[in-house]
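J.: sequence isn't available, so here's the structure alone:
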């Protein structure tokens, strides 16, 4: 993308880095901690009406207590598909169906499983950081192009590059903070 000024670059950087952070937070929300969360089912797609459909578009989700997720399916003909989608997911959940009401009781996490989840969270963190750094690189290239096109001076380029680095550092710190919070959630005994 050809930029005409540094403000365009800054806006683009903030937008793209925010999206990378949002994806990271969504990935983390799908990791199971000691508490039941409807976010755990966010990535589950149900074969309903001939098309893969997000589970929250065919049922109401709730957490009646700390270890249970309750799924109230709106259309009884889809209940079996919802149960199958949950069972086939890589979450290791075993749903129990009672007509249109499906309950999932989460087993307690073993120490080994907790450590695996922390490793997965670290992998998500690294992916987010790589995405943010790629956006930074694009921003730096944009600033160099502005200098090359004589839109800004060398001093302005250096100042802009410093600002891009500060923006990057802020987003990386946000990623690290979210990871730290998720790690303590996963490792806390409940």
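T.: Structure's in. What do you need? Since we're looking at a predicted model, the values are computed, not measured.
J.: in the protein, which spans are helices?
T.: Taking DSSP state H, the helices of the chain run over residues 6-29, 79-88, 111-148, 154-187.
J.: same list (the ones you listed) but as CSV, adding mean pLDDT and distance to residue 64.
T.: To be clear about C-beta, it is placed using only N, CA and C from the backbone, and glycine gets the same treatment. Formatted as CSV, the helices of the chain follow (pLDDT from 0 to 100; distance: least, CB to CB, whole Å):
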stretch, mean pLDDT, distance to residue 64
helix 6-29, 92, 19
helix 79-88, 89, 17
helix 111-148, 92, 23
helix 154-187, 94, 20
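J.: how about the ones you listed in CSV, adding distance to residue 56 and mean neighbour count?
T.: Output for those, formatted as CSV (distance: least, CB to CB, whole Å; neighbours: other CB atoms under 10 Å):
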stretch, distance to residue 56, mean neighbour count
helix 6-29, 13, 17
helix 79-88, 11, 18
helix 111-148, 21, 17
helix 154-187, 22, 16
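J.: give the residue farthest from the middle of the chain.
T.: Here the chain reaches farthest from its C-alpha mean at residue 150, the gap being 39.8 Å by CA atoms, centre = their mean.
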